[in-house]
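Undergrad: Next one to model:
(chains A and B)
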Amino acid sequence: GDSVTQMEGPVTLSEEAFLTINCTYTATGYPSLFWYVQYPGEGLQLLLKATKADDKGSNKGFEATYRKETTSFHLEKGSVQVSDSAVYFCALSERQGAQKLVFGQGTRLTINP
Amino acid sequence: DSGVTQTPKHLITATGQRVTLRCSPRSGDLSVYWYQQSLDQGLQFLIQYYNGEERAKGNILERFSAQQFPDLHSELNLSSLELGDSALYFCASSSRDRGSYEQYFGPGTRLTVT
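TA: Numbering: from 1, shown residues only, chains lettered A, B, ... in the order given. Predicted coordinates:
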């Protein structure tokens, strides 16, 4: 079945550092890809998405590009802030059929001032 | 605020008991999804309803059931609870039942089984 693999966490960075969180996927069809963020004590919020190959999703300084050839959707940000500390989830959903999300295991990010 | 509400926020109960978790979707959304987040299994899809009808099932135990009512709110019923059912249960909603439409998540219900 479909699956998503994220880089192991936790990740700790200093403020203004460059961030990369790796995400690769396995899917039988042609999925849409998402990054969700979960702040402490809250539900998940959609950070960005991409629905076809070579699409770049971007939001709040975060970017991710849908790479079909490498089945990847890595999350990047050029300069992180303390407020970016959260758990980040990569996810996919098949465009045909039910819209259930398949999540990676999550990566906890801590930004130190 | 996503517009999705879940009650209760926290629930503590004993093994063998039955509980009901409630979810109200965003105004106008017809699709409701339930997910379970646990330390060992991560975030897993349980079940989806669209306009009152079950549309998809994931790794949902037979002891668990759900329904969506005419006013579109949904309830997840968990029975014969075991320690391993302790988890955060999220509800999400979207406007459609298929395609790449964004799912909006509620704040979750934290269930503790003692």
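Undergrad: what residues does chain B put near chain A?
TA: B:2, B:4, B:31, B:33, B:35, B:42-45, B:48, B:55-56, B:58, B:90, B:92, B:94, B:96-108 (C-beta under 8 Å from any C-beta of the partner chain). Where you see a C-beta, it was placed from the backbone N, CA and C, and this is true even at glycine.
Undergrad: which residues in chain A form helices?
TA: Assigned helices in chain A: none (criterion: DSSP state H).
Undergrad: now it, which segments are flagged as low pLDDT?
TA: Applying pLDDT under 70 to chain A flags residues A:96-98.
Undergrad: So which bits of it are right by chain B?
TA: Within chain A, the positions lying close to chain B (C-beta under 8 Å from any C-beta) are A:32, A:36, A:41-46, A:49, A:51, A:89, A:93, A:95-106.
Undergrad: Okay, helices next: where are they in chain B?
TA: Assigned helices in chain B: none (criterion: DSSP H).
Undergrad: For the closest residue to B:Arg96 other than its chain neighbours, give me its contacts.
TA: Distances taken as C-beta to C-beta, 6 or more residues apart in numbering or on different chains put B:Ser31 closest to B:Arg96, at 6.3 Å, once the chain neighbours are dropped. By C-beta atoms under 8 Å, 6 or more residues apart in numbering or on different chains, the contact list for B:Ser31 reads A:Gln99, B:Pro25, B:Gln48, B:Tyr49, B:Tyr50, B:Asn51, B:Arg55, B:Ser93, B:Ser94, B:Ser95, B:Arg96, B:Asp97.
Undergrad: one more time with 10 Å
TA: B:Ser31 makes contacts with A:98-99, B:25, B:48-51, B:55-56, B:68, B:72, B:74, B:92-98, B:101, B:103, as judged by C-beta atoms under 10 Å, 6 or more residues apart in numbering or on different chains.
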